[in-house]
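Trainee: Here is a sequence with its predicted model. Questions after.
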Amino acid sequence: MPSIRGDAFLALDAALSPDVNEYERMPSSDPAKFPARHLHDSGQSVIEREAQNSRYDMEITVEGFVQGNGGADTHDKLNDLYADTVTRVMALVGLHNIEAIEEGTLRPSVAPLASVRCMGFALDFAITFATRRGDPTQI
């Protein structure tokens with residue numbers, strides 16, 4: 001039986017994979033196709049303990065990558081991918097036992113030595129969910 005946490009990652013996979021040429025959870029390398037999204041599991045922490053349940057904040061980082069003609073053109077594509085990413089992740093609130101999602105820090109970056117003009121971002125989210133104490137497969 002999958003865990004509540006595992007269900008959340010499956011939902012994230014389904015939400016983040018459309019409309020990009022590459023999607024990977026826990027990637028082992030930089031993207032080969034653009035636009036791309038990568039999803040990183042950054043762990044979780046207990047935020048509340050009750051008699052029978054524990055509530056967690058699962059931390060994730062979504063990376064987005066685009067190519068363009070440089071400058072404003074590439075930056076505009078990056079901002080569009082950022083907005084699409086936030087919309088897709090936030091739409092999961094209330095589904096798959098996800099109680100809340102908080103958007104965190106956005107860190108844009110440029111690949112100055114790349115053979116093509118590309119930019120990327122890393123964006124943090126905290127996803128709140130609860131499970132029965134001692135059984136992460138049950139809410």
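Mentor: Structure received. Predicted model, so just to flag it, every value in this text is computed and none were measured.

Trainee: so V86 sits right up against E102, yeah?
Mentor: No: the pair V86 and E102 fails to qualify as a contact (Cβ atoms under 8 Å) at a distance of 11.3 Å. Every C-beta, even on glycine, is put in place using the N, C-alpha and C of the backbone.

Trainee: Pick out whichever of these two has more residues nearby.
Mentor: Per other Cβ atoms under 10 Å, whichever of V86 and E102 has more neighbours is V86, with 16 against 11.

Trainee: Name the SS class of that one, please.
Mentor: Here V86 is helix, with the state taken from DSSP: H, G, I helix; E, B strand; the rest coil.

Trainee: Skipping adjacent residues, who's closest to it in space?
Mentor: Closest residue to V86 apart from its sequence neighbours, by Cβ to Cβ, 6 or more residues apart in numbering: E103 at 6.0 Å.

Trainee: got the contact list for that neighbour?
Mentor: V86, V89, M90, L123, D124, F125 (Cβ atoms under 8 Å, 6 or more residues apart in numbering).

Trainee: Show the pLDDT at it.
Mentor: E103 carries a pLDDT value of 98.

Trainee: Tell me which helix or strand it sits in.
Mentor: Assessed by DSSP states H and E, E103 sits inside strand 98-110.

Trainee: Buried ones in that strand, by neighbour count?
Mentor: For strand 98-110, a neighbour-count test (16 or more other Cβ atoms under 10 Å) marks I98, I101 as buried.

Trainee: List of residues touching stretch 9-29?
Mentor: Stretch 9-29 is contacted by residues 2, 31-41, 60, 62, 81, 84-85, 88-89, 91-92, 95-96, 98 when judged by Cβ under 8 Å, 6+ apart.

Trainee: Only the buried subset of these, as a PyMOL command please.
Mentor: The PyMOL command for the buried members of the contacts of stretch 9-29 (criterion: 16+ other Cβ under 10 Å) is given here:
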select buried, resi 31+34+35+36+37+38+39+60+62+81+84+85+88+89+92+96+98
